[in-house]
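Visitor: From the sequence below, what's the structure:
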Amino acid sequence: MKRPLRIKPTLIFLLLFAPLLTGCAIFQPTPVESPGMLQHQPAVHDHDRSHVYRAELPSVPLTIKRALAIALANNPDIVAGKWDIEAARAHKRYKSSGYWPSLSINAAYRHHWHEERLVPARNQGTDATFTNDIFAGDLVLSIPLITGGRVSSAVAEADLMARAEACRLARTKEELVFNVKSTFYSILGQVKMIEALEHSRVALNEHLQMTVELIAARKAAKVDMLNIEVRLAEVNHHMVKQLGMVEISKRLLVSFLGIESIPADGVTIEGKLSADQKTPDSRQILSTVIETRLDMAEFVLQIHAQAKRVDLARAAYWPVISAMGTYGGRASAQGDYDDLGFAGLNLSLPFFNGLSSIARVEEEQAKLSALRERKRKLTLSIKREVESALIQVRTATSQVDATEKAIAKAEESLRIAREMTALGHGTAMDVLDAQAALLNAETRYFGALVDLHTSIALLEFTAGTTT
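Guide: Numbering: from 1, shown residues only. Next up, the predicted model:
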């Protein structure tokens, strides 16, 4: 006679839940948009924790390329951003540990008021050992089988946040490049202004010497000499002011480079301010700016991460099933010993928790909606920033062209004023006015060059195309 086929309940349970035994995804993940910008985001590189870079200023003059290289390697914000990425990657590894079994060793000593069995009874009629003092040691193994998406959602969220940190660091680098460039160009412009002031001072001293000779020859009045001395004092004042501004700007530049202090011999800057600057194509920038901005990519990654937090909150509705097993021994103070263990499944089914799971899901969904609205705000802000930067570039270009012509006119006016004065048909004030007009034109020109270079750097920064 054949024995009837009996299927154990455990086998039925395993067959029913076999697709879920990896403990991974929730059934319906929260949908989010997936723009193409995520395909071009910066990679998350390993951080060399054994190396701490502290740069020094080079002995040669500091060019813009050398300044950028030092800043990108030494600026505290950049170094801190690398540690933030390292922390995010470690957080992902921590969350990924939920996939792995846990193995622990438990040891205990228990004193009972009344004698207890050393181990539970195994069958009827078996002699039992009773004792007040029990020493226990167990090897405990737990394997997660079904987590309702808790582990996979947490790992995905941590991975997205690590990628967001990489975008944040890349955007911080772009911001640092802009700050270094704008400060560097400002110093170059201030140096050019100092050269113009020095040239004007030399010319005024020469004119003063000539006026002194004319006064001695009774061909000029003493008031002409006083007027020249007043103008000379004003130029000297502007010279001191510009020298102070250069020193302040150099200290700002050094702080961007992450250098602790300026060396005793100072900082030597080398570079040129050229009027022939290639301006980017505005139409191409406006059409691709949303995809190239790394802070937008960071925001999108944060939205995806928040969607995973919603999934993680929803996972609280699902049961947690784990395979568990223990093996250990029990010993009494009298020297008796026995071992015991078990293997099986553990089910934790949430039934009622004061509606905390529902509230948690609603909270995370509200945060997701808020992030989407802030993303829309960032989109509007990016477009406004780029359009403003384009206007500044056009304005600076026009100003450079206008001031170039003003310098040519002022130089010619100064030449004519000097010739007329030498022939006795002009006054000292005519020369002083022409000299002041030339100095003003040169100052405006160098300021326009600084504005042009700075506005182009700003356009690259706002468009996310900083090099």
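Visitor: Now do the strands in the stretch 1-150 of the chain.
Guide: Counting by DSSP state E, counting those that start in this stretch, the stretch 1-150 of the chain has these strands, from start to end: 102-117, 130-146.
Visitor: Would you format those as TSV with mean neighbour count included?
Guide: (Each C-beta comes from the backbone N, C-alpha and C, glycine too.) As requested, the strands of the stretch 1-150 of the chain are exported to TSV (neighbours: other CB atoms under 10 Å):
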stretch	mean neighbour count
strand 102-117	10
strand 130-146	16
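Visitor: Redo the ones you listed as a markdown table? Include mean pLDDT.
Guide: Putting these into a markdown table (pLDDT from 0 to 100) gives the following:
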| stretch | mean pLDDT |
| --- | --- |
| strand 102-117 | 92 |
| strand 130-146 | 92 |
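Visitor: now those as JSON lines including distance to His237?
Guide: As requested, these are exported to JSON lines (distance: least, CB to CB, whole Å):
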{"stretch": "strand 102-117", "distance to His237": "76"}
{"stretch": "strand 130-146", "distance to His237": "76"}
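Visitor: and Asp295, which of the ones you listed is closest to it?
Guide: strand 130-146 (36.9 Å; CB to CB).
Visitor: Mind listing the strands that closest one pairs with, and their directions?
Guide: strand 102-117 (antiparallel), strand 320-332 (antiparallel) (DSSP bridges).
Visitor: I'd like these laid out as a markdown table, including distance to Ala406.
Guide: Formatted as a markdown table, the strands paired with strand 130-146 follow (distance: least, CB to CB, whole Å):
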| stretch | distance to Ala406 |
| --- | --- |
| strand 102-117 | 78 |
| strand 320-332 | 78 |
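Visitor: what's the closest of these to Met193?
Guide: Using CB to CB as the measure, strand 102-117 is the one of these that comes nearest Met193, at 69.1 Å.
Visitor: residues of stretch 243-258 that come out buried?
Guide: Met245, Val246, Ser249, Lys250, Leu252, Leu253, Val254, Ser255, Phe256, Leu257, Gly258 (16 or more other CB atoms under 10 Å).
Visitor: Pass me the low-pLDDT residue ranges in the stretch 351-467 of the chain, would you?
Guide: 424-426, 467 (pLDDT under 70).
Visitor: Could you give the number of residues near Pro29?
Guide: 16 (other CB atoms under 10 Å).
Visitor: so what's it up against?
Guide: Gly149, Ser153, Ala307, Lys308, Asp311 (CB atoms under 8 Å, 6 or more residues apart in numbering).
Visitor: what's the spacing between the closest residue to Gly344 other than its chain neighbours and Glu213?
Guide: Leaving aside its chain neighbours, Gly344 sits nearest to Met324 (6.2 Å; criterion: CB to CB, 6 or more residues apart in numbering). Note on Met324: its distance to Glu213, by CB to CB, to the nearest Å, is 108 Å.
Visitor: Give me the more crowded residue out of these two.
Guide: Met324 (15 against 11).
Visitor: And the helices in the chain?
Guide: Under the criterion DSSP state H, the chain contains helices at 9-16, 64-74, 76-96, 150-216, 222-257, 282-292, 294-314, 356-422, 428-463.
Visitor: Format these as JSON lines; extra columns: distance to Gly137.
Guide: What follows is these, written out as JSON lines (distance: least, CB to CB, whole Å):
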{"stretch": "helix 9-16", "distance to Gly137": "28"}
{"stretch": "helix 64-74", "distance to Gly137": "54"}
{"stretch": "helix 76-96", "distance to Gly137": "29"}
{"stretch": "helix 150-216", "distance to Gly137": "30"}
{"stretch": "helix 222-257", "distance to Gly137": "60"}
{"stretch": "helix 282-292", "distance to Gly137": "60"}
{"stretch": "helix 294-314", "distance to Gly137": "36"}
{"stretch": "helix 356-422", "distance to Gly137": "37"}
{"stretch": "helix 428-463", "distance to Gly137": "63"}
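Visitor: Out of those, flag the one nearest Ala128.
Guide: Of all the helices of the chain, helix 9-16 comes closest under CB to CB, at 29.4 Å.
Visitor: same question for that closest one, mean pLDDT?
Guide: Helix 9-16 shows a mean pLDDT of 48 in the predicted model.
Visitor: hmm, who's touching stretch 102-112?
Guide: Residues outside stretch 102-112 that contact it (CB under 8 Å, 6+ apart) are 131-142, 328.
Visitor: how about 7 Å then?
Guide: Asn132, Asp133, Ile134, Phe135, Ala136, Gly137, Asp138, Leu139, Val140, Leu141, Ser142 (CB atoms under 7 Å, 6 or more residues apart in numbering).
Visitor: Now the two most distant members of the contacts of Pro29.
Guide: The distance between the two most remote of these (CB to CB) is 12.2 Å, for Gly149 and Ala307.
Visitor: Which residue comes closest to Glu179 once chain neighbours are left out?
Guide: For the record, residue 179 is Asn, not Glu. Nearest to Asn179 is Phe256, by CB to CB, 6+ apart, at 5.4 Å.
Visitor: May I ask you to confirm that the one you found is in contact with Asn74?
Guide: No. Phe256 lies out of contact with Asn74 (CB atoms under 7 Å); the separation is 9.5 Å.
Visitor: Nearest to Val119, out of the helices of the chain?
Guide: Val119 sits nearest to helix 9-16 of all the helices of the chain, at 24.2 Å, using CB to CB.
Visitor: number of nearby residues for Gly354?
Guide: 7.
Visitor: wait, I meant Ser332
Guide: 18.
Visitor: next one: the one 10 residues further on
Guide: The criterion is other CB under 10 Å. On that basis, Phe342 has 8 neighbouring residues.
Visitor: Okay then, goodbye and thanks.
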